[in-house]
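Asks: Let's see this in three dimensions:
(3 chains)
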Amino acid sequence: MSQTISRQKEVTLLDLLDRILTKGVILRGDITISVADVDLIYLGLKVMLTSIETAERMREVAAERYAPRSS
Amino acid sequence: MPRQDLKLEDKVLGETGDLGAFASELERASSPLPRHVNADSSGVEQGLAKLVLTLIELLRQLLERQALRRIEGGSLTEDEIERLGQTFLKLSTRMEELKVAFGLEDEELNLNLGPLGDLM
Amino acid sequence: MIYLYAITTHPLSDGHFCEGLADRPVFWLSYGRVSAVVSALASAVQPTEANVWRHEAVVEALMADCAVLPVRFGTVFLDKEELGAVLAAHDGDLVRDLERVRGRVELGLRVLWDVDDDPEPPNRDSPAGAANALPTGRDYMLARLKRERQRHECHQRAEALAARIHCPLAHLATDSRKQLLVTPRLLLTSAYLVPRGHMAAFEQELETLRAAYPQLGLLCTGPWPAYSFVTTAVTADP
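Replies: I've put the predicted structure just below:
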């Protein structure tokens, strides 16, 4: 019985992942570029190879803007 | 405030039977496109190799299919068929070597190309 | 950074709606004809099981009360202005999509069948019988030709059988999507946009089909937000 429930959960999760990771409203490109394990915004496949600089810049901007403050 | 106790996982309708079989097929089916390409050092080569090899594999299969159509249509000489076959055989062997070299399985190269995917 | 969960026509509440990723409060930002369901985030999130369920929980909490367009997981923007600009660019599509899904849910279907002859992966080809001799080019092409014909026949059988399952269900839906043979064993993968009122009839038809085709496995999941019926998609950043 419990095997059925966990199988159901597994299958439901797989089904959800298929939807939530590849479908829905897509306002960003396809691949997450990670620089030093810090995930940044998704970037389009065709710009993937040239966008590492952009990713670096974004990371700097984000770090600046969201630097931890004391309160 | 929305109910936080929603049984989100309660999504299977009716009696399905062998869920295990579905689970393994769903895993096979999930997009093998590397969703997380590590842009620092070693990870890049692996991720790029996958992409490049998949594209080469796609081209190879498209070309093979094109050749097969021409064979069926009877527009190729025996000599041409022989030469094409030898070339494709070499390409096929070379692809296998590249896959082994990069440690990639057949299934990892099944890029989900949407409508183009039907050509694979 | 701003994390986007979903799009609705207007806000459902003024203040916080619920808790989203990293337990941050979820709220609305309105831009012209649409409203964005968002929360603030310090850094982008990984698609872990917990995060994915939390995102889904937010979207499904909305589903009960209004038309919702689910947004793909991991969609973040630097700030409100960037979000506003992107939404403005797709305003028309979003409004149309919202009307298309209003009052409807998505039901997903996967059908398993037993494939007798699994087609061998392309590069395992070896001409029948030529165990020791090097295959000639001609042998290779003939073997490939044979495999292609088998694959084609299999595909035709699949199409015919899949239609027997898909059509009666599509009949009960406003719209549907289908794909054959995503894997050799997955005969059919499909999604149906079903008005809430038709769900019971749909489930009944499903049972009828299960009884009629005991050799097939039918997995139906849902109700989901209309992930598969959203047409707004950009493939590269503007």
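Asks: quick one: low-confidence ranges for chain C?
Replies: Low-confidence segments of chain C, defined by pLDDT under 70: C:116-133, C:235-238.
Asks: rerun that using 50 as the cut-off
Replies: Residue ranges of chain C with pLDDT under 50: C:121-132, C:238.
Asks: Where do the strands of it begin and end?
Replies: C:2-8, C:18-19, C:25-31, C:34-40, C:69-70, C:76-77, C:104-112, C:175-180, C:186-195, C:217-224 (DSSP state E).
Asks: where exactly do the helices run in chain B?
Replies: Along chain B, counting by DSSP state H, helices occupy B:19-29, B:42-73, B:78-102.
Asks: worst average pLDDT in the ones you listed?
Replies: Across the helices of chain B, helix B:42-73 has the smallest mean pLDDT, namely a mean of 79.
Asks: Can you give me the buried ones in that helix?
Replies: Buried residues in helix B:42-73, counted by 16 or more other Cβ atoms under 10 Å in any protein chain shown: B:47, B:49-51, B:53-54, B:57-58, B:60-61, B:64, B:67-68, B:71. Glycine gets a C-beta too; all of them are placed from N, C-alpha and C.
Asks: and the residues you listed as JSON lines, adding distance to C:Asp14?
Replies: Listed next are these as JSON lines, based on distance: Cβ to Cβ, whole Å:
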{"residue": "B:Gly47", "distance to C:Asp14": "45"}
{"residue": "B:Ala49", "distance to C:Asp14": "52"}
{"residue": "B:Lys50", "distance to C:Asp14": "48"}
{"residue": "B:Leu51", "distance to C:Asp14": "47"}
{"residue": "B:Leu53", "distance to C:Asp14": "53"}
{"residue": "B:Thr54", "distance to C:Asp14": "49"}
{"residue": "B:Glu57", "distance to C:Asp14": "54"}
{"residue": "B:Leu58", "distance to C:Asp14": "52"}
{"residue": "B:Arg60", "distance to C:Asp14": "59"}
{"residue": "B:Gln61", "distance to C:Asp14": "56"}
{"residue": "B:Glu64", "distance to C:Asp14": "62"}
{"residue": "B:Ala67", "distance to C:Asp14": "66"}
{"residue": "B:Leu68", "distance to C:Asp14": "64"}
{"residue": "B:Ile71", "distance to C:Asp14": "70"}
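Asks: quick one, which of the strands of chain C is packed in tightest?
Replies: A comparison of these by mean neighbour count, using mean count of other Cβ atoms under 10 Å in any protein chain shown, puts strand C:69-70 on top with a mean of 29.
Asks: doesn't A:Leu27 make contact with C:Leu69?
Replies: No. At 10.8 Å, C:Leu69 does not count as touching A:Leu27 under the criterion of Cβ atoms under 8 Å.
Asks: what do the two both touch?
Replies: Overlap of the contact sets of C:Leu69 and A:Leu27 (by Cβ atoms under 8 Å, 6 or more residues apart in numbering or on different chains) consists of C:Thr232.
Asks: one step back: make JSON lines out of the helices of chain B and add distance to B:Val12.
Replies: Formatted as JSON lines, the helices of chain B follow (distance: least, Cβ to Cβ, whole Å):
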{"stretch": "helix B:19-29", "distance to B:Val12": "8"}
{"stretch": "helix B:42-73", "distance to B:Val12": "33"}
{"stretch": "helix B:78-102", "distance to B:Val12": "37"}
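Asks: Compare the ones you listed and give me the one nearest chain C.
Replies: For the helices of chain B, distance to chain C was read as Cβ to the nearest Cβ. The smallest value, 2.6 Å, belongs to helix B:78-102.
Asks: got the angle for the closest one vs helix B:42-73?
Replies: If you take axes from the mean of the first three to the mean of the last three Cα atoms, to 10 degrees, helix B:78-102 sits at 160 degrees to helix B:42-73.
Asks: Helix B:78-102 vs chain C: in contact?
Replies: Yes. Residues of helix B:78-102 contacting chain C under Cβ under 8 Å from any Cβ of the partner chain: B:78, B:81-89, B:92-93, B:95-96.
Asks: Residue of chain C closest to chain B, please.
Replies: Nearest to chain B in chain C, going by Cβ to the nearest Cβ, is C:Gly137, at a distance of 2.6 Å.
Asks: quick one: contacts for the nearest residue to that residue once chain neighbours are set aside?
Replies: Closest residue to C:Gly137 apart from its sequence neighbours, by Cβ to Cβ, 6 or more residues apart in numbering or on different chains: B:Gly85 at 2.6 Å. By Cβ under 8 Å, 6+ apart, the residues touching B:Gly85 are C:Pro135, C:Thr136, C:Gly137, C:Arg138, C:Asp139, C:Tyr140, C:Met141.
Asks: OK, contacts around the last one?
Replies: For C:Met141, the contacting residues are B:Ala67, B:Leu68, B:Ile71, B:Ile81, B:Leu84, B:Gly85, B:Phe88, by Cβ under 8 Å, 6+ apart.
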